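In: show me the folded form of this:
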Amino acid sequence: MSVDPMTYETQFFGFTPQTCILRVYIAFQDYLFEMMQVVEGVMLKKLDGIPGCKISPFQIRKCTEKFLLFMKEHFDKLFAKMEEVLLQLVLNIPKNVLLPEDKVQEQYPYSKEEFQALQDELQQLQQQCRAEAAAEQALRAELEEQKAVKAELEKILQCFDGLENICREHGASNFKESFALLTQSSRKLQDVLKDVEEKSKKMKQHDQLM
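Out: Reported below is the predicted structural model:
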């Protein structure tokens, strides 16, 4: 059987010519086997009606198998010629014939180099699309992060507004000055705490020496 893929014929017929040839071959072969079984059955009936016939069914089966092998060998030789004729004259599309769906190739022909250039350009465009999609995803993530930061800043501003209201309720008119005084007081408390810790360490060292 031919090893030519015959892709253009497959596009036109919807099946490979080799597949068609193979199915025809199998159909002929099955018919040959069935015919030999019928012939064998007829021979058995005829011989069964002849008195004193010494030919056994086993002998008839052996003769049938030999005849079948003879017929198959000749059939294969004839079918090889038929396959060649079918593939060349029946299931073959001439080189100068163009299918209707491929008319656009006749109107806009291109070489292998041009096709490769189009392929390269397509790959570049695909890479650009992937890069833009990744950049868009990164921008969306940054936007979500900015929204979260904005929400935290709004909470801090609300906190400062609350502190300013508390300061006004307690007679402090300027929130900035009150905050500065609180900061100074906090630093003084930290200095006092450090002095206490240092004195405590010295007292512990003195007790250990005693």
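In: what residues does Phe12 make contact with?
Out: Residues in contact with Phe12 (C-beta atoms under 8 Å, 6 or more residues apart in numbering) are Ile93, Leu99. Yep, even glycine has a C-beta here, placed from its N, CA and C like the rest.
In: would you mark the buried spots in the strand or helix carrying it?
Out: Here Phe12 is covered by helix 7-13, with elements defined by DSSP states H and E. Residues of helix 7-13 classed as buried by neighbour count (16 or more other C-beta atoms under 10 Å): Glu9.
In: quick check: mean pLDDT across it?
Out: The average pLDDT for helix 7-13 rounds to 82.
In: could you number the chain from 38 rather than 1 from now on?
Out: Taking 38 as the first residue, the last one we looked at is helix 44-50.
In: next secondary structure after that helix?
Out: Following helix 44-50 in sequence, per DSSP H and E, is helix 54-85.
In: by contact count, what packs against that following helix?
Out: helix 44-50, helix 94-122 (3 or more C-beta pairs under 8 Å, 6 or more residues apart in numbering; DSSP states H and E).
In: what domains does the record give for the chain?
Out: For the chain, the structural domains run 44-138, 174-210, 211-246, going by the TED database.
In: now the second one: mean pLDDT?
Out: When you say that, I think you mean domain 174-210. Mean pLDDT, domain 174-210: 76.
In: just stretch 140-158 next, same as before
Out: Stretch 140-158 comes out at a mean pLDDT of 79.
In: measure it end to end?
Out: The first and last residues of stretch 140-158 sit 24 Å apart, counting by C-alpha to C-alpha, to the nearest Å.
In: in terms of helices and strands, where is the residue nearest the centre of the chain?
Out: Compute the mean C-alpha point of the chain, and by C-alpha atoms, centre = their mean the closest residue is Gln163, 16.2 Å away. Element membership of Gln163, judged by DSSP H and E, is helix 149-206.
In: and that helix, what does it pack against?
Out: Contacts defined by 3+ C-beta pairs under 8 Å, 6+ apart place helix 149-206 against helix 212-246.
In: what count of nearby residues applies to Lys231?
Out: Using other C-beta atoms under 10 Å, the number of residues around Lys231 comes to 10.
In: whoops, I mixed them up, Gln55
Out: With neighbours defined by other C-beta under 10 Å, the count for Gln55 comes to 19.
In: just the pLDDT at it, thanks.
Out: As predicted, Gln55 sits at a pLDDT of 88.
In: likewise for the one 10 residues further on?
Out: We have a pLDDT of 91 for Phe65.
In: go ahead and confirm it touches Asp113.
Out: No - Phe65 lies out of contact with Asp113 (C-beta atoms under 8 Å); the separation is 10.1 Å.
In: tell me the secondary structure at the closest residue to Leu155 other than its chain neighbours.
Out: Nearest residue to Leu155, sequence neighbours excluded (C-beta to C-beta, 6 or more residues apart in numbering): Tyr147, at 7.7 Å. Under DSSP: H, G, I helix; E, B strand; the rest coil, the three-state class of Tyr147 is coil.
In: look up the pLDDT of Ser223 for me, please.
Out: So Ser223 comes in at 67 (pLDDT).
In: now do the one 3 residues further on
Out: In the prediction, the pLDDT value recorded for Leu226 is 70.
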